[in-house]
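Undergrad: A predicted structure for the sequence below; I have some questions about it.
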Amino acid sequence: MVNPQRPTSEAHAINPEDAQSGIRKGLTNYGDRGFSLFLRKAFIKGAGYTDQALERPVIGIASTGSAYNPCHGNMPQLLEAVKRGVLLAGGLPMDFPTISLHESFSQPTSMYLRNLMSMDTEEMLRAQPMDAVVLIGGCDKTVPAQLMGAASAGLPAVQLVTGSMLTGSHRSERVGACTDCRRYWGKFRAGEIDAEEVADVNNQLVASVGTCSVAGTASTMACIAEALGMSVPGGASPPAVTADRIRVAERTGTVAVQMARSGLTIDKVLTPEAFENAVRVLLAMGGSTNAIVHLAAIAGRMGYELDLKALDAMSRETPVLLDLKPSGDHYMEDFHAAGGMATLLRELKPLLHLDALTVTGRTLGEELEAAGPGFAQHVVRSRDNPIYPQGGIAVLYGNLAPEGAIIKQSAADARLMEHEGRAVVFENAQDLANRIDDPDLDVSADDILVLKNIGPKGAAMPEAGYLPIPKKLAAQGVKDMVRISDGRMSGTAFGTIVLHVTPEAAVGGPLAWVQNGDRIRLSVRERSIEWLVSEQELQARRAARPVREPTAARGYQHLFLKTVTQADRGADFDFLAAVEQKGSVPRR
C-alpha cells in the first residue's frame, strides 16, 4: 500500500531549485533553501495535506469575517464556495484572516483604520506563499483597503464582495439601510414620528446580513470593482444571502486559479483605461462621494494621480442612469433583477474603454458581448432619459477650497445649488454635538452650516459631513441646507453638502479661519465655492490664530498623523504610494 504522505515521483520530490511558485514561494530564510522547504512541508502536513495537494497552485483567500461585521455575515458560505471553485479548477485554497472593518463599529472612524487594513493585506500577501489571491470584503473601507494592498503587492488578485442586504418592510413601506435610516431619524428629530415608531423601523432597516442596499460606499465600491475589471462579471449586484452570490463566489475561485496559471497580475488589470471606466460608473450610478477618496488611493498605489478636474469634465458628459437611492428610488436587489452591471455598462458602452482587460483574461467588451443583448427593465435608464443630466458628483474650486471640494449634485436640492448665505460655524465635531440642537442657536434656513477640523488630520475624516439640520429648523419643516466641511459623508446620505474641502482646516487650509457671519457663495453651475472675505482679512486672521497641526506621541496615531495625505490624494499614507509615477487618471 502506498503511503499518501510519501512522494511517489520526482514531481513531488523536494527540490530547492524549483520555480518560485506554489508552496515553494517566499521560503523562510534559514540559509538553506532545501531545509526551508522541508520544514514548511513538515508543518503544513500537520494539517493533513498530502504532497499531491501541495503541488497545486496555491490560492490565498483573504477572509474578513468578524462578529463585529454583519456586512460580512455570509463569510462562511463565501469561503466554502470559493474553495470549491479553486479545487474544481485544480488549485489549493488557503484562507487566512486579516483586519475587518465595519463602519458602525470602528472608533474613531473606519477611515482611520483603512490604511492599516491595506498594510495588513499587503504584507500578508507578501509574507505567505500564494500564486493568486481572492479578496473577500464588502463593508465600506474593506474593499478599498484590499484593492490598495493587492495593488502594492502585485499578485494576481480578484475581488469578491459580500453582497448587499435584503430590504425590509415597515408598516407596508419598503425600507433598507441606510438612506432610510437617515430619513426616519430625520423624521424623529423633527417630531414627525414618535419613539415607538422609530424603534419599530429600527428592526426592519437591515433585513439580513450584507452591505447597505442603496448606492452607499459599499455598493459603489462593488460596482467600481467590477468596472475596474477586478471582479468576475456579474459580481457586484447579487444580494448577500442569494444563491447567485454563492455561484459568483465559486466562479471567483475558479478564475483565481486561471489567473495564477496565466500570470495575470493586478497591474495588467488596473490600467488607466480601467480607472476611467470606474469613474464613468461612479458618475453614472450616482455613487458615493467616498469612492473618490478610495479611487485616488488605489490609483496612487499603481503610480497614478487622480485628476479631479478631468473627473469633473467626465461628469459633465456622463448622466446618472441608475435609479438607486439616494439619487433615485430603488435598491440593490432591484438593480440585480434588472441585470446588474451588464445593464448599466451596456448603456454606457460608447463612453467606455471596451478593450480594458478583466480578471477573466477577456476584455470588458468581450464580457459584455457574452452577457447578451439585455432585456426590458426600469432600474437603469437610457442615456436619453437620465435620472440626472450630469454625473452624480461635481468638483468645486475657489478660495475656500484651493485644491478642490466635491458635492453629490444628484442628491442635492436644486434650489440650493446656486446659493449665497451666512456662515454658522462649528469648530469641530464636539462643538457641533454641543450646539446644533441648542434652541438659542443663531441660525436660519438660508444660512450655511460650516464644520471644521474633520479632515484626514483633524479627525481621521469621519462621515460627519452630513451635518444634521438644527432641531428647531427641522421642527419647522426644513429638510435641507447648504453644509460645508473638510470631512466625508456616507454614500447613503443626501442633501446639498460640500465635502472634502482641501486643504483641510487642521493643516491651515482657508476653512480654518471662517467665522460666524462670513458670507459664502456656492455655485455648482460654475463649479465654485467662494468665501467672500478679502485677502487682507484672511492674512490678519491667520496671524491672530496660527494653526498647529495635530500630533501624537506614539503608536499608530503617530504614524497616521505624520504621514496621511489630503483627501485629493486618497488620505493614504505618503510612504505607501507607488515609487514609480506613471501620470494622472482620468487622462485629459
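TA: Structure's in. What do you need? Note that the structure is predicted; figures quoted are calculated from it, not measured.
Undergrad: so residue 380 bridges to which residues?
TA: Partner residues in beta bridges with residue 380, using DSSP bridges, are residue 322.
Undergrad: per-residue confidence at it?
TA: Listed pLDDT for residue 380 reads 98.
Undergrad: just for the stretch 101-250 of the chain, where's the confidence low?
TA: For the stretch 101-250 of the chain, no stretch has pLDDT under 70.
Undergrad: Tell me where it has strands.
TA: Per DSSP state E, counting those that start in this stretch, the stretch 101-250 of the chain carries strands over the ranges 132-137, 157-161, 168-170, 173-175.
Undergrad: what about the chain, any weak spots by pLDDT?
TA: In the chain, residues with pLDDT under 70: 1-19.
Undergrad: for it, longest helix please?
TA: The residue-count maximum for a helix in the chain (DSSP state H) belongs to helix 243-262.
Undergrad: quick one on the thing from earlier: nearest to residue 520 among the strands of the stretch 101-250 of the chain would be which one?
TA: With Cβ to Cβ, the closest approach to residue 520 among the strands of the stretch 101-250 of the chain belongs to strand 173-175: 35.1 Å. Where you see a C-beta, it was placed from the backbone N, CA and C, and this is true even at glycine.
Undergrad: quick one: buried residues of that closest one?
TA: Going by neighbour count (16 or more other Cβ atoms under 10 Å), the buried part of strand 173-175 is 174-175.
Undergrad: My read is that residue 420 contacts residue 518, right?
TA: No - look at residue 420 against residue 518 with Cβ atoms under 8 Å: they stay out of range, at 11.1 Å.
Undergrad: Between the two, which has more neighbouring residues?
TA: More neighbours surround residue 518 than the other of residue 420 and residue 518, with 19 against 14 (other Cβ atoms under 10 Å).
Undergrad: Compare the strands of the stretch 101-250 of the chain and give me the one nearest residue 224.
TA: strand 157-161 (9.7 Å).
Undergrad: overlap in contacts of residue 420 and residue 518?
TA: Common neighbours of residue 420 and residue 518, counting by Cβ atoms under 8 Å, 6 or more residues apart in numbering, are residue 532.
Undergrad: and the following helix or strand past the longest helix of the chain, what does it pack onto?
TA: Sequence order places helix 272-284 as the next helix or strand after helix 243-262, per DSSP states H and E. Judged by 3 or more Cβ pairs under 8 Å, 6 or more residues apart in numbering; DSSP states H and E, helix 272-284 is in contact with helix 217-227, helix 290-301, strand 304-306, helix 308-315, helix 341-348, strand 583-585.
Undergrad: angle of helix 272-284 against helix 341-348?
TA: 90 degrees (axes from the mean of the first three to the mean of the last three Cα atoms, to 10 degrees).
Undergrad: Could you double-check that residue 330 lies in contact with residue 286?
TA: No - in terms of Cβ under 8 Å, residue 330 does not count as a neighbour of residue 286; the distance is 11.3 Å.
Undergrad: Look at the two and report which has more neighbours.
TA: Shown here are residue 330 and residue 286; by other Cβ under 10 Å, residue 286 has more neighbours (29 against 22).
Undergrad: Can you point out the buried residues in stretch 407-421?
TA: Across stretch 407-421, burial judged by 16+ other Cβ under 10 Å covers 407-412, 416-417, 419, 421.
Undergrad: Mind listing residues that contact that stretch?
TA: Against stretch 407-421 from outside (Cβ under 8 Å, 6+ apart): 286, 289, 320, 326-327, 387-388, 390-394, 396, 446-448, 479-482, 493-499, 519-525, 532.
Undergrad: can we see that at 7 Å?
TA: Stretch 407-421 is contacted by residues 286, 289, 320, 326-327, 387-388, 390, 392-394, 396, 446-448, 480, 482, 494-498, 519-525 when judged by Cβ atoms under 7 Å, 6 or more residues apart in numbering.
Undergrad: List only buried entries from these.
TA: For the contacts of stretch 407-421, a burial check counting by 16+ other Cβ under 10 Å picks out 286, 289, 320, 326-327, 387-388, 390, 392-394, 396, 447-448, 480, 482, 494-498, 520-522, 524.
Undergrad: thinking again about what came up before, will you turn the helices and strands packed on helix 272-284 into CSV that also has mean neighbour count and distance to residue 149?
TA: As requested, those are exported to CSV (neighbours: other Cβ atoms under 10 Å; distance: least, Cβ to Cβ, whole Å):
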stretch, mean neighbour count, distance to residue 149
helix 217-227, 30, 14
helix 290-301, 27, 8
strand 304-306, 21, 17
helix 308-315, 20, 24
helix 341-348, 22, 24
strand 583-585, 17, 20
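Undergrad: Tell me who's in contact with the closest residue to residue 223 other than its chain neighbours.
TA: Nearest non-adjacent residue to residue 223, counting by Cβ to Cβ, 6 or more residues apart in numbering: residue 236, 4.7 Å away. For residue 236, the contacting residues are 161, 222-223, 225-226, 340-341, by Cβ under 7 Å, 6+ apart.
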